[in-house]
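[1] I would like to see how this sequence folds:
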Amino acid sequence: MTSKDTHVENEPTKKQKTKSESKTFVARAVGRRKEAIARVSLSEGIGKIIVNGKDYTHYFPTFALQKNVQAPLVLTDTAAGFDVSVKVVGGGVRGQADAVRHGISRALLSLNNDLKKTLRAEGFLTRDPRVKERKKPGLKRARRAPQFSKR
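    Prediction:
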């Protein structure tokens, strides 16, 4: 035996993940609001919500936004049954929170169609169509005209 062989024997072996051990996604969906797009994945778990690699309480700083994100899970009494993983891009914090809520609602709906009436009544399945209006030529913003000068 060479010294090289002994070195290899003493190293701890890395356990490779098999497909059965990796997290299986139960449902996936996309939620949108203004410029924000949220890709949501639900998996069986204990109720953790991870947004862009952070816990949702750290990613969304205010209590109102946190409550908004977990609203579909609380409404359908499925908060403790699923772990939620979200990748969200674009928009501001409020738009992202609404996009996450929309995505979670759609993912829950794909799992159980009986939840449609409950989620629809609260407006969680409706994509809010309001977006920023485009700037028009000759104006400063969408509707703001330059200041009028009489002389």
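
[2] count the residues that sit near the residue lying closest to residue 90 once chain neighbours are set aside.
    Nearest non-adjacent residue to residue 90, counting by C-beta to C-beta, 6 or more residues apart in numbering: residue 35, 4.4 Å away. All C-beta atoms are positioned from the backbone trio N, CA, C, and that covers glycine. Neighbours of residue 35 under the rule other C-beta atoms under 10 Å: 14.

[3] now swap in residue 39 and tell me
    16.

[4] so it makes contact with residue 87?
    Yes: judged on C-beta atoms under 8 Å, residue 39 makes contact with residue 87 at a distance of 4.7 Å.

[5] who's residue 49 bridged to?
    residue 84 (DSSP bridges).

[6] what pLDDT is listed against it?
    The model reports residue 49 with a pLDDT of 94.

[7] please apply the same query to residue 25.
    Residue 25 is assigned a predicted lDDT (pLDDT) of 75.

[8] now residue 81
    If you check residue 81, the pLDDT there is 88.

[9] kindly report the same for the one 3 residues further on.
    Per-residue confidence at residue 84 stands at 94 (pLDDT).

[10] ok, residue 19 next?
    46.

[11] elements contacting the lengthiest helix in the chain?
    The longest helix of the chain (DSSP state H) is helix 93-111. For helix 93-111, the packing partners by 3 or more C-beta pairs under 8 Å, 6 or more residues apart in numbering; DSSP states H and E come out as strand 25-33, strand 36-44, helix 63-75, strand 82-89, helix 116-122.

[12] if we can go back for a sec, which residues sit in contact with the residue nearest to residue 90?
    For residue 35, the contact set (C-beta atoms under 8 Å, 6 or more residues apart in numbering) comprises 90-91, 95, 131-132.

[13] between the residues you listed, which is closest to residue 144?
    Nearest to residue 144 among those: residue 132, at 13.2 Å, using C-beta to C-beta.

[14] so what's the closest one closest to, chain neighbours aside?
    Leaving out its chain neighbours, the residue that sits closest to residue 132 by C-beta to C-beta, 6+ apart is residue 34, at 7.2 Å.
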